[in-house]
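[1] Build me a model:
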Amino acid sequence: ESKGKRRNPLHDFKKTGELMLIKVNKTLEVKTKLLNTTEQCAKRCSRNKGLSFTCKAFAYDRVTKRCHWLSFNSLTNGVRKKQDHAFDLYEKKDYVRNCIMGKGADYKGTISVTKSGIQCQAWNSKIPHEH
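    Below is the predicted model of the structure:
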């Protein structure tokens with residue numbers, strides 16, 4: 001038993017220090033709120049609590065203690081990276097991971113070709129193979 005110890009919500013995130021993401025595509029969503037810790041930001045992002053979108057990352061402003069939840073990550077089209085000493089970027093590992101774990105049922109990354117370079121079959125297609 002864990003005897004009251006809770007799993008740290010930051011374990012699901014990849015941290016990049018001193019980086020902020022800027023949305024070029026105006027349809028991408030951001031929500032901000034004052035929160036004291038990155039753990040609180042991570043917990044809310046993981047649960048999508050109070051968000052109208054699926055949270056894929058968050059940036060924490062260490063100066064103002066403001067959390068910026070993002071509907072996008074560094075791999076999303078219409079986003080650019082900006083060095084910013086006030087921010088730390090936390091991206092959900094499921095969305096930035098370049099490897100498939102197990103059978104890949106939870107994979108949300110961007111890899112769409114096999115190891116040998118063949119284009120992957122779309123999930124909603126039964127051609128050329130049945131699922």
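[2] for the chain, what spans make up the strands?
    For the chain, the strands defined by DSSP state E occupy 13-23, 30-34, 57-61, 66-70, 79-92.
[3] just checking, what packs against the first one?
    Packed against strand 13-23 by the contact rule (3 or more Cβ pairs under 8 Å, 6 or more residues apart in numbering; DSSP states H and E) you find strand 57-61, strand 66-70, strand 79-92, helix 93-96. Backbone N, C-alpha and C define where each C-beta goes, glycine included.
[4] Most tightly packed of the strands of the chain?
    For the strands of the chain, the largest average neighbour count (mean count of other Cβ atoms under 10 Å) is found in strand 57-61, namely a mean of 23.
[5] ok so, going back, pipe the strands of the chain into CSV and attach distance to Gln121 per row.
    Putting these into CSV (distance: least, Cβ to Cβ, whole Å) gives the following:
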stretch, distance to Gln121
strand 13-23, 28
strand 30-34, 34
strand 57-61, 28
strand 66-70, 30
strand 79-92, 25
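[6] Asn98: which of those strands is closest?
    Evaluated over the strands of the chain, closeness to Asn98 peaks at strand 13-23, with 11.2 Å, by Cβ to Cβ.
[7] Just checking: what are the partner strands of the closest one?
    Taking DSSP bridges as the criterion, strand 13-23 sits next to strand 79-92 (antiparallel) in its sheet.
[8] Run the angle between the strand it pairs with and strand 57-61 for me.
    Counting by axes from the mean of the first three to the mean of the last three Cα atoms, to 10 degrees, strand 79-92 lies at 100 degrees to strand 57-61.
[9] so how far is strand 79-92 from its chain's centroid?
    12 Å (Cα atoms, centre = their mean, to the nearest Å).
[10] Confidence-wise, which helix or strand of this structure is lowest on average?
    helix 93-96 (a mean of 87; mean pLDDT, DSSP states H and E).
[11] pLDDT weak spots in this structure?
    1-4, 99-101, 104-106, 108-109, 131 (pLDDT under 70).
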